[in-house]
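Undergrad: return atomic coordinates for the entry below.
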Amino acid sequence: MSAMLRAQFVRQFQSGTRIECAVSQRTHGFSVTALFGPSGCGKTTVLRCIAGLDRPLSGSILFENEVWFDAKQGIHRSPQSRDIGMMAQDYALFPHFTVEQNIAFGLRKSDRRERQARVAHLMGMFQLNELRKRLPHQISGGQKQRVSLARALARKPRVLLLDEPFSALDAALRDVLRGELRRLLAEFGIPVVVVTHDRTEAIALADQVVVMDRGRVLAAGGVGEIFSRPSDLAVARIVGVETVIKGEILETKDGLAIVDVGGVRVLAVAPDRPSRCVHVCIKGEDVALRKDAQSQTSVRNQLGAAIRWITPEGPLVRIGLDCGFQLTALVTRPACEDLHLAVGDKLIAQIKAPAVHLIPID
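TA: Predicted coordinates:
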């Protein structure tokens, strides 16, 4: 059997809620799979079933050559025997234990000298030495995250499960810690499954994304594939594609399609299967704005546009445009200031043909 974690099961609740899971991830070396979707779609339930905290109704969960769960065979291994590490949303630190004691908790059955060496190593790696004797209420949210992660990794688990690892942090701290978290995880060389509803977190952390909605898996694939080329309309909306509008293909040639969108012609990469009617998908960050057109440029789509609204969002600014159809651009705050953009301004929206993704309408 290949070195894979394979989870294919159904979890049924008494309320009638049904969660259908189909997830696979390689287990050789470091990789991160993100379970991504809106709150309440079943992501945490899938994580709990993989951990052994919830028991599915049917199906199986396999880790390499081990059966963790099999409904037909009546197998349901305990969380301890699965050898997993898990970090909860609220970090679940013991309030009466110091930082050092929290990290050491999972090593209670280890030899004293081995336990001390392992804790010391983790304290150094996660930069927690100065906090050794502090209690959880005496440290910051980012420090609690590192303590919880160190505790989850103390037993050297074969797989690490993270449930919304940034949910307890403020926005500014999340931005700082995203890159740091992936770097830290990579040092342990084990597979990671992370639950998140945040698009930025999924892109920053994951190699593979599993998109879920209403208890079902809608799509799975690499980060670039899922967020840049969604497979259908539902996935496009869940992953946050800003502009999704119907269009009609007028002509296809040399792998490119000319699409009529609200009376405006847009050049795009032709879809894999023939279709006249399509959903035209354009991400906000793929729309560049200029005050005037460029005569020498490889950008094929240069659309005259008027600014209808401007919404600042931290370091970014979301801009609503009317270019014959409604288009959203996402630019940095400095770029917005350099262009002196204001509602009512006329400008040029530039979009490369490969950035226009077409989803056939059956």
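
Undergrad: L321 against T328, yeah?
TA: Yes: under the criterion of Cβ atoms under 8 Å, L321 makes contact with T328 at 7.1 Å. Where you see a C-beta, it was placed from the backbone N, CA and C, and this is true even at glycine.

Undergrad: comparing the two, which residue is more hemmed in?
TA: Neighbour count, other Cβ atoms under 10 Å: between L321 and T328, L321 has more, with 23 against 18.

Undergrad: in a strand, that one, correct?
TA: Yes: judged by DSSP: H, G, I helix; E, B strand; the rest coil, L321 forms part of a strand.

Undergrad: where is the longest helix in this structure?
TA: Using DSSP state H, we find that the single longest helix of the chain is helix 171-186.

Undergrad: pull out the buried positions in that helix.
TA: Going by neighbour count (16 or more other Cβ atoms under 10 Å), the buried part of helix 171-186 is R174, L177, R178, L181, R182, L184, L185.

Undergrad: TSV for these, including pLDDT and distance to T45?
TA: TSV is the format used below for the buried residues of helix 171-186 (pLDDT from 0 to 100; distance: Cβ to Cβ, whole Å):
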residue	pLDDT	distance to T45
R174	79	24
L177	80	26
R178	82	25
L181	86	23
R182	89	25
L184	86	27
L185	89	23
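
Undergrad: rewinding a little: helix 171-186 and the next helix or strand after the longest helix of the chain, what's the angle between them?
TA: Per DSSP states H and E, the first helix or strand lying C-terminal to helix 171-186 is strand 191-196. Here the directions of strand 191-196 and helix 171-186 differ by 160 degrees (axes from the mean of the first three to the mean of the last three Cα atoms, to 10 degrees).

Undergrad: which strands and helices sit next to the particular helix or strand that has L162 in it?
TA: Per DSSP H and E: L162 is located in strand 159-163. Strand 159-163 makes packing contacts with helix 43-51, strand 84-87, strand 191-196 when contacts are defined by 3 or more Cβ pairs under 8 Å, 6 or more residues apart in numbering; DSSP states H and E.

Undergrad: of those, which stretch is the most buried?
TA: Most buried of the helices and strands packed on strand 159-163, by mean neighbour count (mean count of other Cβ atoms under 10 Å): strand 191-196, with a mean of 25.

Undergrad: what about it, distance to the chain center?
TA: A distance of 9 Å separates the centroid of the chain from that of strand 191-196, by Cα atoms, centre = their mean, to the nearest Å.

Undergrad: returning to that earlier point: got the helices and strands packed on strand 159-163 as TSV, with distance to F94 and mean pLDDT columns?
TA: Shown next, in TSV, are those (distance: least, Cβ to Cβ, whole Å; pLDDT from 0 to 100):
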stretch	distance to F94	mean pLDDT
helix 43-51	19	96
strand 84-87	14	93
strand 191-196	23	96
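
Undergrad: and those as TSV, adding distance to R229?
TA: Compiled in TSV, those are given as follows (distance: least, Cβ to Cβ, whole Å):
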stretch	distance to R229
helix 43-51	22
strand 84-87	31
strand 191-196	20
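
Undergrad: which among these is found nearest to P315?
TA: Nearest to P315 among the helices and strands packed on strand 159-163 is strand 191-196 (19.9 Å), distances taken as Cβ to Cβ.

Undergrad: mind listing what's buried along whichever helix or strand comes after that closest one?
TA: Under the assignment DSSP H and E, the closest C-terminal helix or strand after strand 191-196 is helix 199-205. Neighbour counts over helix 199-205 (16+ other Cβ under 10 Å) mark E201, A202, I203, A204, L205 as buried.

Undergrad: also stretch 80-98?
TA: For stretch 80-98, by 16+ other Cβ under 10 Å, it's R82, I84, G85, M86, M87, A88, Y91, L93, F97, T98.

Undergrad: state the pair within those residues that is farthest apart.
TA: Greatest spatial distance among the buried residues of stretch 80-98 (Cβ to Cβ): R82 and T98, at 28.1 Å.

Undergrad: give the other helices and strands that the helix or strand of the chain with the lowest mean pLDDT contacts.
TA: The weakest-scoring helix or strand in the chain, judged by mean pLDDT, DSSP states H and E, is helix 171-186 (a mean of 82). Of the remaining helices and strands, those touching helix 171-186 by 3+ Cβ pairs under 8 Å, 6+ apart are helix 141-153, helix 199-205.
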